[in-house]
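Engineer: Provide a 3D model corresponding to the input given below.
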Amino acid sequence: MVTFVNKLNVHGDLGRFLDAKDRLTRFVSAQPGCVSHQTLRLVGTANFFVELSVWEDTAAHRAAVTSEGFRELARELAVLATREQGLYESLPEPSPAAA
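Structural biologist: As a prediction, the model looks like this:
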């Protein structure tokens, strides 16, 4: 599994951003291979968000984000927010230390 992390700093109209984000969330959540999607807002701010989407694999993520439907929705967000994004993989957790 891989996790897509998208940090968004909204500089445009917040209402338009939230509407566009909701449309994109519905689209992403319905794509094959999407395990989960969550949006977080930084406490104490109105305009800083982090989106997390978990995917079965990189191929499923790539198929979703290269589709025309995704690109159209992402263009709406691009004019309203700056993004910092990346695809992450989980590292194995260390075993608990013996007492």
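
Engineer: so what does the helix of greatest length in the chain touch, helix or strand wise?
Structural biologist: Determined from DSSP state H, the single longest helix within the chain is helix 14-29. Packed against helix 14-29 by the contact rule (3 or more CB pairs under 8 Å, 6 or more residues apart in numbering; DSSP states H and E) you find strand 2-10, strand 34-41, strand 48-55, helix 68-78. Where C-beta positions appear, they are placed from N, C-alpha and C, glycine not excepted.

Engineer: the last one - contacts with which helices or strands?
Structural biologist: Helices and strands touching helix 68-78, as assessed by 3+ CB pairs under 8 Å, 6+ apart, comprise helix 14-29, helix 58-65.

Engineer: now do the first one against helix 58-65, angle only.
Structural biologist: Which is helix 14-29. Counting by axes from the mean of the first three to the mean of the last three CA atoms, to 10 degrees, helix 14-29 lies at 130 degrees to helix 58-65.

Engineer: pull out the buried positions in helix 14-29.
Structural biologist: Neighbour counts over helix 14-29 (16 or more other CB atoms under 10 Å) mark 17, 20-21, 24-25, 27-28 as buried.

Engineer: so which of the helices and strands packed on helix 68-78 gets nearest residue 50?
Structural biologist: Closest approach to residue 50 among these (CB to CB): helix 14-29, 11.6 Å.

Engineer: pLDDT (mean, whole number) over the closest one?
Structural biologist: Per-residue pLDDT over helix 14-29 has a mean of 94.

Engineer: nearest to residue 97, of the helices and strands packed on helix 14-29?
Structural biologist: strand 2-10 (26.6 Å).

Engineer: and that closest one, what other elements does it pack with?
Structural biologist: By 3+ CB pairs under 8 Å, 6+ apart, strand 2-10 packs against helix 14-29, strand 48-55, helix 58-65, strand 81-89.
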